[in-house]
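J.: here is my input; please provide its structure:
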Amino acid sequence: MSKKKFVIIDEDDLNHFLADGEGTGGESTGGEDTGGDGDGDGDGGTVPSIGPSVNIQTEDLQTTARKYRRELLMMPVMSLQSSLEHMRLRPGIRYSETVGELSGDIQFGPYSETREDNDEVVINPRTLYTYFGSVVRNFSPNKIYKSMWGSAITKGEGLKSTEITRIVLQFLAAQLGKNLNKVLWSAVRNDSGDKSVDLFNGFDTIAKTEFDSSNIAVAKGNLHTLTGAITKENAVDALKAFCRAADDELLEEPNLKLFVPQHIFYDYCDDYQATVGAIPYNREFKKYFIEGFENIRLVPMANKKNSAFIQLTTQNNMLVGVNQTGEEEQIEVARFKAFVLQFIATMFFGVQYETLSKERILFGTIDGTTAI
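T.: This is a model prediction of the structure:
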């Protein structure tokens, strides 16, 4: 019995060949066309043959989607891990949930039989919205498989077709999460949109709305106005001044996160080296903690590029809402036409600050619009 060799699908290659019109060509009607014009004559590309192909059946993909539904639904969330390690995941949110904090004051005083305190305990509510998103993606599983070349051929029959279908579905589900993560700060809800950036309101978008409504303001103690862009010439002084502007109760929190664009992190490191120089405790270039504030960790984020805000807060205050428990969320595979299938996914997703209280968060901005 001859042994077939199979390949493990490489993410970059798969992403390339999933893109519309990029190297996959049309359906072959003659000899095997290995990428390019797709006319079946084999002259459209330079992809070498990888041996026997695998016939991925529609039923295999459908069965895998049903069997691993929960795992596949978690893939978008897992792809947010680089951000979620600094935030709080809030599962079980279907459309909306009221969050917030209690505020009020009560104190002991000298004993009195007549004194009464009528101040009320107030709930400061905020609503965490999770928006229902969907995607339908047409793809050809056999074309994807046959397009792979030169990567990780397994020995013998170590990779079965069911594993291949699972890899294809996992990749597509993970891509959904990666694209959500890219716009975690900048997304703006647009009911008529069709991209991740249109699905929900990101953290910076929410901050801009609250800033324009004066809910984030110097007078409220939750805003520090920056005098200009943060650069490698002023980053140390600018970030130290920002942290010193925080409320005393906020600064008492043991593990604070300072969310910044990546360039601010590198500007801080450069400025620190130029300012401090070769002193005994300056032993490495990367400085993740603000000097003088051992409880404040810099969190540089690629998805905050061109952001108009920086945020100093606790991990628990940064809410990422998902559902993951209801029947509305699905990962399905259906036949679209001959040789082409549809990957269908639905999911709830949204973000929110639990509170804007000065005891829990401090925002920094130039004017609410200009990139820092």
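
J.: list the buried residues for the longest strand seen in the chain?
T.: Under DSSP state E, the strand in the chain containing the largest number of residues is strand 340-353. By 16 or more other C-beta atoms under 10 Å, the buried positions in strand 340-353 come out as Leu341, Phe343, Ala345, Thr346, Met347, Phe348, Phe349, Gly350, Val351, Gln352, Tyr353. C-beta here means a position set from N, CA and C on the backbone, and glycine is covered the same way.

J.: surely the second one is in contact with Val136?
T.: Yes: in terms of C-beta atoms under 8 Å, Phe343 counts as a neighbour of Val136; the distance is 7.3 Å.

J.: which SSE is Lys257 in?
T.: strand 256-261 (DSSP states H and E).

J.: run through who's touching that strand.
T.: Among residues not part of strand 256-261, those counted as contacts by C-beta atoms under 8 Å, 6 or more residues apart in numbering are 86, 203, 239, 243, 250, 290, 293, 295-301, 304-307, 310-315, 318, 371-372.

J.: filter those residues to the buried ones?
T.: In terms of neighbour count (16+ other C-beta under 10 Å), the buried residues within the contacts of strand 256-261 are 203, 239, 243, 250, 290, 293, 296, 298-301, 304, 307, 310-314, 318, 372.

J.: which of these fall in helices?
T.: Assignment to helices by DSSP state H places the following of the buried ones among the contacts of strand 256-261 there: Phe203, Leu239, Cys243, Leu250.

J.: now the buried residues of strand 340-353 as JSON lines including pLDDT?
T.: Supplementary listing: these in JSON lines, determined by pLDDT from 0 to 100:
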{"residue": "Leu341", "pLDDT": "77"}
{"residue": "Phe343", "pLDDT": "83"}
{"residue": "Ala345", "pLDDT": "89"}
{"residue": "Thr346", "pLDDT": "91"}
{"residue": "Met347", "pLDDT": "92"}
{"residue": "Phe348", "pLDDT": "94"}
{"residue": "Phe349", "pLDDT": "96"}
{"residue": "Gly350", "pLDDT": "97"}
{"residue": "Val351", "pLDDT": "97"}
{"residue": "Gln352", "pLDDT": "97"}
{"residue": "Tyr353", "pLDDT": "97"}
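
J.: closest one of these to Ser112?
T.: Proximity of the buried residues of strand 340-353 to Ser112 was ranked by C-beta to C-beta; the top entry is Tyr353 with 40.1 Å.

J.: bridged to the closest one, which residues?
T.: Met318 (DSSP bridges).

J.: wouldn't it be in contact with Phe363 here?
T.: No: Tyr353 lies out of contact with Phe363 (C-beta under 8 Å); the separation is 9.6 Å.

J.: picking that back up, tell me the strands beside the helix or strand that the longest strand of the chain is followed by, with direction?
T.: As assigned by DSSP H and E, the chain's next helix or strand after strand 340-353 is strand 361-365. Sheet pairing here is set by DSSP bridges, and for strand 361-365 it gives strand 223-225 (parallel), strand 309-314 (antiparallel).

J.: of the ones you listed, which approaches Lys208 most closely?
T.: Proximity to Lys208 (C-beta to C-beta) singles out strand 309-314 among the strands paired with strand 361-365, at 7.6 Å.

J.: dump that closest one to PDB, restricted to CA.
T.: Provided in PDB are the C-alpha atoms of strand 309-314 (Å, rounded to 0.1, in the frame of the first residue of the first chain):
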ATOM      1  CA  PHE A 309      -5.400  58.700  24.600                       C
ATOM      2  CA  ILE A 310      -3.300  56.900  27.100                       C
ATOM      3  CA  GLN A 311      -5.000  55.200  30.100                       C
ATOM      4  CA  LEU A 312      -3.800  54.400  33.600                       C
ATOM      5  CA  THR A 313      -6.100  52.000  35.300                       C
ATOM      6  CA  THR A 314      -6.500  48.500  36.800                       C
END
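
J.: other residues contacting that strand?
T.: With contact meaning C-beta under 8 Å, 6+ apart, strand 309-314 is reached by 203-204, 207-208, 211, 242-243, 246, 250, 253, 255-261, 264, 296, 318, 353, 360-365, 368, 372.

J.: perfect, that will be all.
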